[in-house]
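*Asks:* Show me how the following folds:
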Amino acid sequence: MPERNHRVLWLSVLIVLIAGAAHAAADPGGFAGLTWARSEADCRNQKLCSDQGITVPDGPAREKQYLGKLTELNRLPVKVSSFAFFENRFFMGTASFDAKRVSFDSLKAALVKLHGKPRSTGPRGAAWVLGNSRIVLYQGETYHGVAYAH
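*Replies:* Have a look, this model is predicted:
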């Protein structure tokens, strides 16, 4: 009898682990196909970054940001995107969406489908923590934004 109980216990643990793994979202490891810590040249070679820099007032001297070339993300039309690098290593990507063309609910639903339930939600957005990646969704009046950061 104890051997049978032991097998049932291990079977139960295995089922819980498998179910948990099936529902746990993986760390995306980057943004829009550019993995974390890649170079500015890699971003341009993948045709994700333009050569147009973005000036950030009071930004760190070793940080550079570039206007992105994304036209869509998760099959939703992107208004503006950007890619940020610190010491030539990719650490953050952003995309904004015109609120007249993309509803906040459709954007959030696409992110939930990709990354699972957000860790936190509020009246103006949601946030996910997946491994070494952080994802923040913002709901605005004229635009909605999403940022992926490492």
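*Asks:* same for the one helix or strand residue 144 maps to, what does it pack against?
*Replies:* Residue 144 is part of strand 143-149 when elements are defined by DSSP states H and E. Judged by 3 or more CB pairs under 8 Å, 6 or more residues apart in numbering; DSSP states H and E, strand 143-149 is in contact with strand 89-98, helix 104-115, strand 133-139. C-beta here means a position set from N, CA and C on the backbone, and glycine is covered the same way.
*Asks:* In this structure residue 31 contacts residue 93, no?
*Replies:* Yes. Using CB atoms under 8 Å, residue 31 makes contact with residue 93 at a distance of 3.1 Å.
*Asks:* Residues in contact with both of these two, list them for me.
*Replies:* Contact criterion CB atoms under 8 Å, 6 or more residues apart in numbering; residues shared by residue 31 and residue 93: 83, 148.
*Asks:* how near is residue 92 to residue 106?
*Replies:* Plainly put, residue 92 is 23 Å away from residue 106 if you go by CB to CB, to the nearest Å.
*Asks:* and the two? which has more neighbours close in?
*Replies:* Neighbour count, other CB atoms under 10 Å: between residue 92 and residue 106, residue 92 has more, with 18 against 15.
*Asks:* can you pull up the bridge partners for the more buried one?
*Replies:* Beta-bridge pairing of residue 92 under DSSP bridges involves residue 84, residue 149.
*Asks:* Do me a favour and get the end-to-end distance for stretch 51-67?
*Replies:* Across stretch 51-67, the terminal residues are separated by 7 Å (CA to CA, to the nearest Å).
*Asks:* any idea of the mean pLDDT in it?
*Replies:* Mean pLDDT, stretch 51-67: 91.
*Asks:* Please enumerate residues in contact with it?
*Replies:* 40, 43-44, 49-50, 80-88.
*Asks:* if we can go back for a sec, among the helices and strands packed on strand 143-149, which is the most enclosed?
*Replies:* Ranked by mean neighbour count, the helices and strands packed on strand 143-149 are led by strand 89-98 with a mean of 20 (mean count of other CB atoms under 10 Å).
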